[in-house]
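S.K.: From the sequence below, what's the structure:
(one chain, ligands or ions: 2)
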Amino acid sequence: MPLCPCQTNLVARVKAPLAYSDCCQPYHKGVSKAETAERLMRTRYSAFVLINPEYIVKTTVPAQQALLDIKSIESWAHETPWAGLEIVQHTPKLGKRHAQVEFKAYYNEANKMDDLQAHHERSTFVKVKNKADNTERWYFLDPTVDMSVSQKQPCICGSGEKFKRCCGLYL
Ligand SMILES: [Zn+2]
Ligand SMILES: [Zn+2]
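M.R.: Numbering: from 1, shown residues only. Ligands and ions are numbered 1, 2, ... in the order given. Model (predicted):
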């Protein structure tokens, strides 16, 4: 049973790492839905390692999905020699519907332990309510996507608040 990519880390060994089937796979298959931003972050990292750009698109806030370049996500995933994920800090509640996850995604250009590099980032996630069935779901807010939305327009997440008071605070 292969270990889940989010459970292996060359820098800090994970105690009792989970198999892929017990960790991110049910989310990638759409059987489970991420209950927290940290869980969504982990499944997105694993999707990069396993080169599943569709999952990356699907877990980005719906208003941004059409603006993502799936081919470049795919080639970036291919070209990066991933070496593990470390969740530095999870801030589960940031205002009414946002959360942040600070993480380090390690990669290794030369495949040498002493040559590890890290993307050290703080990602913001938004909880969006599906009005049809009244369920909530976490999505990644991509700060690199160029959105032409004015500060006074209704927010892209569908919250009904003005953009500047909602996701605009983090984009
Ligand atoms: Zn995992
Ligand atoms: Zn919003």
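S.K.: right, and the helix or strand after the lengthiest strand in the chain?
M.R.: In the chain, with assignment by DSSP state E, the single longest strand is strand 116-130. Counting by DSSP states H and E, the element after strand 116-130 in chain order, helix or strand, is strand 135-141.
S.K.: Which neighbouring elements make contact with that following strand?
M.R.: helix 37-49, strand 116-130 (3 or more CB pairs under 8 Å, 6 or more residues apart in numbering; DSSP states H and E). Every C-beta, even on glycine, is put in place using the N, C-alpha and C of the backbone.
S.K.: C155 versus the residue nearest to T124 when sequence neighbours are not counted, what's the distance?
M.R.: Nearest non-adjacent residue to T124, counting by CB to CB, 6 or more residues apart in numbering: Y170, 4.1 Å away. Note on Y170: its distance to C155, by CB to CB, to the nearest Å, is 11 Å.
S.K.: So between the two, which is more surrounded?
M.R.: When Y170 is set against C155 and neighbours are counted by other CB atoms under 10 Å, the residue ahead is C155, at 23 against 16.
S.K.: Can you tell me the closest non-neighbouring residue to that one?
M.R.: That would be C166: by CB to CB, 6+ apart, it lies 3.8 Å from C155.
S.K.: Can you report how many residues neighbour that neighbour?
M.R.: 22.
S.K.: just A99 next, same as before
M.R.: 21.
S.K.: How about N52?
M.R.: For N52, using other CB under 10 Å, the count is 19.
S.K.: Name all residues that make contact with it.
M.R.: H28 (CB atoms under 8 Å, 6 or more residues apart in numbering).
S.K.: Pick out the residue nearest the middle of the protein.
M.R.: Centroid-nearest residue in the chain, with CA atoms, centre = their mean: M41, separated by 3.7 Å.
S.K.: ok, for that residue, nearest residue in space, not its chain neighbours?
M.R.: V101 (4.4 Å).
S.K.: is ligand 1 contacted by the helix or strand containing the one you found?
M.R.: In this structure, V101 sits in strand 98-108 according to DSSP H and E. No - counting by CB under 5 Å from the ion, ligand 1 has no neighbours in strand 98-108; the shortest distance is 13.0 Å.
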